[in-house]
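A.B. asks: fold the following.
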Amino acid sequence: MGEMAMPDLRKRIEESENPLQELMSSIPGFDGYRDRQIRRKADAMVREHLVGLLDGIRGDLDKAIERWSRTKGLPGLDDFDGVRGPLGKVRDTLRFADYGYTGWFDAVKIKEAELDALYQYDLGLKQQIADVGAAIQALGGADESTVAGLVEAAIGAVETLQEAVDQREQVAMRTVPE
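C.D. replies: Residues are numbered from 1 along each chain as shown. This next block holds a predicted model:
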């Protein structure tokens, strides 16, 4: 799985504005609305990027399952399902996260440092996704004597990621100024 940089999405979105959007940003009160829209769009882009990484890992797991079934047969395939289900759940949790970080999106002024804290958290999620990917890669080389331990390690990595994804909304809420 290749390493992809996570760009500063705020800058990319702002740079892609057309002249109409620039004109509208000069309207009193519109700037706060525009900032919320940028935050929503950036959040969606970050989550889509992370989901894309998880989709690649899910593909790796499917290949490992196929390889196992071809070379080892049916015994042990249930162990792989113990990884597949939680991996799908964490992917869906991230993909369909409620846009309801209402306070975060509705706040007119968020300090740069607070926004950077959320980006840092998302970079941590990306590292945890890489850890899940490494556990799945290891599982791809499992044999009868190692499969149970490798499945357990993969499930542990997915559970750690799930906890972090579940905490993401709370991290986002902490960025809202009082």
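
A.B. asks: who's in contact with Asp166?
C.D. replies: Thr93 (CB atoms under 8 Å, 6 or more residues apart in numbering). From N, CA and C alone the C-beta is placed, and that goes for glycine too.

A.B. asks: to clarify, my last question referred to Ile57.
C.D. replies: Ile57 neighbours (CB under 8 Å, 6+ apart): Met1, Leu87, Ile129, Val132, Gly133, Ile136.

A.B. asks: same thing with Val165?
C.D. replies: Val90, Thr93, Leu94, Ala97, Leu125.

A.B. asks: what is the mean pLDDT for the helix ranked longest in the chain?
C.D. replies: The longest helix of the chain (DSSP state H) is helix 30-71. Helix 30-71 shows a mean pLDDT of 81.

A.B. asks: the following helix or strand past that helix packs against which elements?
C.D. replies: Per DSSP states H and E, the first helix or strand lying C-terminal to helix 30-71 is helix 77-95. Counting contacts by 3 or more CB pairs under 8 Å, 6 or more residues apart in numbering; DSSP states H and E, helix 77-95 packs against helix 30-71, helix 112-140, helix 147-174.

A.B. asks: cutoff 7 Å now
C.D. replies: Counting by 3 or more CB pairs under 7 Å, 6 or more residues apart in numbering; DSSP states H and E, the packing neighbours recorded for helix 77-95 are helix 30-71, helix 147-174.

A.B. asks: mind exporting it as CSV, just the C-alpha atoms?
C.D. replies: As requested, C-alpha coordinates have been extracted for helix 77-95 and formatted as CSV (Å, rounded to 0.1, in the frame of the first residue of the first chain):
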residue,chain,number,x,y,z
LEU,A,77,-11.5,-19.3,7.1
ASP,A,78,-13.7,-18.5,10.0
ASP,A,79,-10.7,-16.8,11.7
PHE,A,80,-10.4,-14.4,8.8
ASP,A,81,-14.1,-13.4,9.2
GLY,A,82,-13.2,-12.2,12.7
VAL,A,83,-11.1,-9.5,11.0
ARG,A,84,-13.3,-8.8,8.0
GLY,A,85,-16.4,-7.8,10.0
PRO,A,86,-14.7,-5.3,12.3
LEU,A,87,-12.7,-3.9,9.4
GLY,A,88,-15.9,-3.2,7.5
LYS,A,89,-17.5,-1.6,10.6
VAL,A,90,-14.6,0.8,11.2
ARG,A,91,-14.6,1.7,7.5
ASP,A,92,-18.4,2.4,7.6
THR,A,93,-18.1,4.4,10.8
LEU,A,94,-15.5,6.7,9.3
ARG,A,95,-17.3,6.9,5.9
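
A.B. asks: between that helix and helix 30-71, how big is the angle?
C.D. replies: Per axes from the mean of the first three to the mean of the last three CA atoms, to 10 degrees, the angle that helix 77-95 makes with helix 30-71 is 170 degrees.
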